[in-house]
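Participant: below is the sequence, then the predicted model.
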Number of protein chains: 2
Amino acid sequence: MADIESATAQKLLKAFMQFRKTGWHDKKISGHNPSEFKVLATIQQGANEKDYEMKLSEISQRLQVTPPTVTQIINNLEKDGLVERTVDPEDRRAVKIKLTPTGMEATAKARIRFTETFTGLIDYLGEEESEQFADLLTKVQHYFSELNR
Amino acid sequence: MADIESATAQKLLKAFMQFRKTGWHDKKISGHNPSEFKVLATIQQGANEKDYEMKLSEISQRLQVTPPTVTQIINNLEKDGLVERTVDPEDRRAVKIKLTPTGMEATAKARIRFTETFTGLIDYLGEEESEQFADLLTKVQHYFSELNR
DNA sequence: TCATATTACTTAGGTAACTTAATAATTAAC
DNA sequence: GTTAATTATTAAGTTACCTAAGTAATATGA
């Protein structure tokens, strides 16, 4: 077991806190919030995987947030005309969500924006370290998800 | 320049998003919020560096949040008896913040909790990868802080 | 088959951690 | 000695969540 007052632990903690403040995630893109784009991207993913309109509950599962959260985000997206709700004819309790053409455009624009940012990061770190970093992030995520159980 | 549709970029983005949901940062410790502990830890740091009572504005600078944010957090901490405000006699606009004994205890407890968590992480990753990860986090943070300027 | 349980979503209300804009009090600068 | 700048606070707003309670539809099983 590593020493409880380990310098590495302190260094890690500090690095975590700094990293949290980078704000890689905080900017609006053409007036839409990060949380809205996450939902848009999730819907698009579903549409790509198969010709598939995603249920609200599936969005909630994929993003690991509660259904009311998704309902609210979808409300905003629908109000802005990026998304359409339709009652599932096979289960009339369920709601299927579909991107409108405007929604697809916005999603594409955001995806490009994020990809540019991360491509820039890869240039900055180099391909090898970037891969390493992604792997480490995933590994660390596993550690914490096991802690919380 | 790396390919704009690079798999690594997608992988990184996904890893970032997952990592964001780990919640390493979200739990209360004996009824106090993470943001409150960040302030407590900052005050303690100042007290350690020299025999030094930190001004509210300095807390704000160190944590990179606006002064009203700190004011509010300090209000809560003071209400809970973890912290004391005193007007700076050398500049009566300024407020100096000091930990009470209760505050010191709470801070110590939280520090131990965090150190345990991160020591556990080091055991999980190994010392070498942990150092690497901390360095990468810092490097990535630099990238993003240069982007936003 | 019909009463009960379960599921899918929504509504209502709340919280944490921030922000900006405006204001009060004090100190600094010319 | 007035004006400008600085320090902190108050007020109000935002984002991204949450829980609890409610509605409507479907599934279960006696």
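Facilitator: On my side now, so go ahead. A quick note: this is a predicted structure, and the numbers were derived from the prediction, not measured.

Participant: what about the helix or strand harbouring A:Ala15 and DNA strand C, any contact?
Facilitator: Per DSSP states H and E, A:Ala15 falls inside helix A:7-20. No. Remark: helix A:7-20 sits outside contact range of DNA strand C, by C-beta under 7 Å from any atom of the strand, the gap being at least 8.0 Å. Using the backbone N, CA and C atoms, a C-beta is placed for each residue, glycine as well.

Participant: and the next helix or strand past that helix?
Facilitator: Next helix or strand after helix A:7-20 toward the C-terminus (DSSP H and E): helix A:34-49.

Participant: that next one - what's its average pLDDT?
Facilitator: Per-region confidence: helix A:34-49 scores 95 on mean pLDDT.

Participant: and it, what does it pack against?
Facilitator: strand A:54-55, helix A:56-63, helix A:67-79, strand A:83-87, strand A:95-99, helix A:101-125 (3 or more C-beta pairs under 8 Å, 6 or more residues apart in numbering or on different chains; DSSP states H and E).

Participant: kindly export it (C-alpha atoms) in PDB.
Facilitator: C-alpha atoms of helix A:34-49 as PDB (Å, rounded to 0.1, in the frame of the first residue of the first chain):
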ATOM      1  CA  PRO A  34     -23.200  21.100 -23.600                       C
ATOM      2  CA  SER A  35     -25.900  19.000 -22.000                       C
ATOM      3  CA  GLU A  36     -28.100  19.700 -25.000                       C
ATOM      4  CA  PHE A  37     -25.400  18.500 -27.300                       C
ATOM      5  CA  LYS A  38     -24.800  15.400 -25.400                       C
ATOM      6  CA  VAL A  39     -28.400  14.500 -25.900                       C
ATOM      7  CA  LEU A  40     -28.300  15.400 -29.600                       C
ATOM      8  CA  ALA A  41     -25.100  13.300 -30.100                       C
ATOM      9  CA  THR A  42     -26.700  10.400 -28.300                       C
ATOM     10  CA  ILE A  43     -29.800  10.600 -30.500                       C
ATOM     11  CA  GLN A  44     -27.600  10.700 -33.600                       C
ATOM     12  CA  GLN A  45     -25.600   7.700 -32.500                       C
ATOM     13  CA  GLY A  46     -28.700   5.700 -32.200                       C
ATOM     14  CA  ALA A  47     -29.800   6.800 -35.700                       C
ATOM     15  CA  ASN A  48     -26.400   5.700 -37.000                       C
ATOM     16  CA  GLU A  49     -26.300   2.300 -35.300                       C
END
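
Participant: can that helix be found next to DNA strand D?
Facilitator: Yes. Using C-beta under 7 Å from any atom of the strand, helix A:34-49 comes into contact with DNA strand D via A:Pro34, A:Ser35, A:Glu36, A:Lys38.

Participant: how many residues are close by A:Glu36?
Facilitator: Counted with other C-beta atoms under 10 Å in any protein chain shown, residues neighbouring A:Glu36 total 22.

Participant: just A:Phe144 next, same as before
Facilitator: By the measure other C-beta under 10 Å, the count of residues near A:Phe144 is 18.
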